[in-house]
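Colleague: here is a sequence with its predicted model. Questions after.
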Protein chains: 2
Amino acid sequence: MKLTKQDCIDLDARDQLAAYRSKFTLPEGEVYLDGNSLGAMPASLPARMQEAVAKEWGQGLIRSWNDAGWIDLPQRVAAKVAPLIGATAAEVMVGDSTSVNLFKALAAALRINSGRKVILTEKGNFPTDLYIAQGIAELFGSEIRYVDSDPSAIADALDDSVAVLMLTHVNYRSGAVYDMAALTRKAQAVGALTIWDLAHSAGALHVELNEVNADFAVGCGYKYLNGGPGAPAFVYVAQRHLEQVRQPLSGWHGHQKPFDFVQQYQPAPGINRMQCGTPPLLSMLALDAALDVFSGVDMQQLRNKSKALGDLFIRLVDEQLSEYGFGIGSPRDCNQRGSQVALTHPQGYAIVQALIARGITGDFRMPDILRFGFAPLYVRYIDVHHTVETLQQIMASGEWNQEKFLTKKAVT
Amino acid sequence: MKLTKQDCIDLDARDQLAAYRSKFTLPEGEVYLDGNSLGAMPASLPARMQEAVAKEWGQGLIRSWNDAGWIDLPQRVAAKVAPLIGATAAEVMVGDSTSVNLFKALAAALRINSGRKVILTEKGNFPTDLYIAQGIAELFGSEIRYVDSDPSAIADALDDSVAVLMLTHVNYRSGAVYDMAALTRKAQAVGALTIWDLAHSAGALHVELNEVNADFAVGCGYKYLNGGPGAPAFVYVAQRHLEQVRQPLSGWHGHQKPFDFVQQYQPAPGINRMQCGTPPLLSMLALDAALDVFSGVDMQQLRNKSKALGDLFIRLVDEQLSEYGFGIGSPRDCNQRGSQVALTHPQGYAIVQALIARGITGDFRMPDILRFGFAPLYVRYIDVHHTVETLQQIMASGEWNQEKFLTKKAVT
């Protein structure tokens, strides 16, 4: 029996996370399925930023480093990220971009495993991860081993030359999820360290870094964590590595005593050494406020809703779009899929533009992927229904086939 | 004849930059002499940030990368920084922290001058510059040669083993200014490249990078540029080096075609390759708005006021504080001094706290430095007078000698 609109309304009525949607401000009438690219704005943000700017900066000025607690803001934000990724606060630091943090983590891992030359990764990893590895490899004389995305290809390529296995947990295009526990175990069995990029996981999946014994991780503040455009990223270092970790971006905020102004760098104890320069406070204050939305959220429940939204989408696509040539570009098994679903279609770009014109925001990834992110805190089951219904109308009417939808924009 | 309060009021009345003060929001009744640490808030900021958060992020969401021009914001901000430092827009990039940008610049310079091993700097350089050089030296097998701050000691240490001369233009403690033209010429005469840190110069001094033929420079967005706490920093690469520059923080925003998502890093043409990851947009939008305050400012005129404020301060200290044991920790010649004046006093910390309690904000640097920054866009001559008069009262009454002023805070 086909799912009806009323079925979806009923699902929303029973959704125990439904109330969290009111903690976001979403444009009237828009269905926003791009929270995997830029998270929606928590409703508290305008007031918080006003306070940060007009009061803390404008009136507090330099005093706010002490009086508004700017000086330990990175630690406070990290402590809010930690429970979302199954880590302790002592293992997480926030600041810089994901790319910069990956650079630090890779350098640190290669120094720990200095007898080995190989960075193992997969060809479909997010490009900046590959680019940063290439930058690091040139400095460390490392070799990058690129294998197919298939987990068995990765497992086969693990040998005792591998210093680091660097993977993104959820693939940015397909949403395919690696089994973090299994691959970490396999990597560690050959003496390799692991670096997990949680860009598309943190805030949407049930991540347990400590439980799977992960070595390093990095992740993004502006996707499912809703920290605002270009929000600072995070880096995780397992407790057992903290005292030996050395990263080359040895700026003063990672110094043992930054305000002693001594000549010689001495890394701060523990995770603080992963900091570098003065963090972008306004952006970090936004992330700080955004993370409060997660207070009280059960990450397992969040993950369950994420799976259910994706399953619903795929089921509705199967039921309503079978005649229009779409493929499913993501795993059908929700346990192997992140919080997003990719459709494939030769006219994907124009179809996404036509959807956007109808108030439904997904995005497009070359060559033919329509990408839909389901942020469980603010996406409803009825939104999923409306999306597929609208896709059906766009395909049936051919309205995607217009010049204005076929012309590509700078960022897509 | 001693200078009177009325003399200072008259100086303000004749000041052609006086009107710029109204472009800032300063706390009622406060004299803020710490703009060299955190610049004051431009009055436009609360409204601009509200628009950035509630409208661009909250309503525009992912579309704002195109529709609000986020994607080329770094270039637009860089184009506003360029004229303040005597560079072209094609030579400046904005993003990351000063420390991270210095890392990029040092790596790039060492690669250009790869036959040489030595990074030459001075012992009194700002610590994060030294720490970053230490991090880089470990990666590149470089040797750091530390010499005394004296320009002749630096000149003497320049030989054909020096790859890079790395200096901060204005010393953060004393305010002493290096002759950028002369030292650049001397460095280049032995085949060394120069990296100038403009943290305490940009926005207060008349900097002419092109004219002095500087190779690289970095600088801070949150001091005299008033970009807000932890504002993104900038990096300058002279036109002649742009095509060969390679920096190891090879993130996707520095890629030739970031949205093609190809596997191999290809540096973007020109200065864009100095970018790394996604920049902290909210912080960068604040810097962008703050830079508009400089529109129409003649940097030579700004510099003249900066010198005059410092000269006035020193003259008043000489006239009014001679009996209290203060020393002048900065060059008396305004041409050799940045936009700040250091006093020295064994009880410096407590005296600064007592001043702050009286609504006059300077800061303290160990062991005995009272540091006063004169941001020419919003500091008045009468503020300088009031500061010295208040210092006199604090010393005469001994009010600095209280427990609450003697106890140190986390950030001082």
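Modeller: It's in.
Colleague: for chain A, just list every one of the helices.
Modeller: A:5-14, A:45-50, A:64-67, A:73-81, A:98-112, A:127-140, A:151-157, A:180-189, A:281-291, A:299-320, A:348-357, A:381-397, A:403-406 (DSSP state H).
Colleague: Throw the ones you listed into JSON lines and include distance to chain B, thanks.
Modeller: Where you see a C-beta, it was placed from the backbone N, CA and C, and this is true even at glycine. Formatted as JSON lines, the helices of chain A follow (distance: least, C-beta to the nearest C-beta, whole Å):
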{"stretch": "helix A:5-14", "distance to chain B": "22"}
{"stretch": "helix A:45-50", "distance to chain B": "5"}
{"stretch": "helix A:64-67", "distance to chain B": "4"}
{"stretch": "helix A:73-81", "distance to chain B": "9"}
{"stretch": "helix A:98-112", "distance to chain B": "3"}
{"stretch": "helix A:127-140", "distance to chain B": "4"}
{"stretch": "helix A:151-157", "distance to chain B": "16"}
{"stretch": "helix A:180-189", "distance to chain B": "21"}
{"stretch": "helix A:281-291", "distance to chain B": "4"}
{"stretch": "helix A:299-320", "distance to chain B": "18"}
{"stretch": "helix A:348-357", "distance to chain B": "8"}
{"stretch": "helix A:381-397", "distance to chain B": "14"}
{"stretch": "helix A:403-406", "distance to chain B": "14"}
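Colleague: give me the pLDDT value at A:V411.
Modeller: Listed pLDDT for A:V411 reads 60.
Colleague: returning to that earlier point: could I get the helices of chain A in CSV, plus columns for distance to A:E243, mean neighbour count and mean pLDDT?
Modeller: Shown next, in CSV, are the helices of chain A (distance: least, C-beta to C-beta, whole Å; neighbours: other C-beta atoms under 10 Å in any protein chain shown; pLDDT from 0 to 100):
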stretch, distance to A:E243, mean neighbour count, mean pLDDT
helix A:5-14, 48, 13, 98
helix A:45-50, 36, 19, 98
helix A:64-67, 28, 18, 95
helix A:73-81, 18, 22, 98
helix A:98-112, 11, 26, 98
helix A:127-140, 21, 23, 98
helix A:151-157, 30, 15, 98
helix A:180-189, 19, 17, 98
helix A:281-291, 26, 28, 98
helix A:299-320, 29, 19, 98
helix A:348-357, 48, 22, 96
helix A:381-397, 47, 19, 98
helix A:403-406, 56, 12, 92
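Colleague: closest one to A:P267 among those?
Modeller: Closest to A:P267 of those is helix A:98-112 (C-beta to C-beta; 10.7 Å).
Colleague: chain neighbours aside, what residue packs nearest to A:A43?
Modeller: Of all residues not flanking A:A43 in the chain, A:T25 sits nearest, at 4.7 Å (C-beta to C-beta, 6 or more residues apart in numbering or on different chains).
Colleague: for A:S339, see how far away the residue nearest the centre of chain A is.
Modeller: Central residue of chain A (C-alpha atoms, centre = their mean): A:A199, 2.2 Å from the mean position. Distance, A:A199 to A:S339, using C-beta to C-beta, to the nearest Å: 12 Å.
Colleague: intersection of neighbour lists for these two?
Modeller: A:V170 (C-beta atoms under 8 Å, 6 or more residues apart in numbering or on different chains).
Colleague: which ones are touching the residue nearest to A:A43?
Modeller: A:40-43, A:45-46, B:54, B:58.
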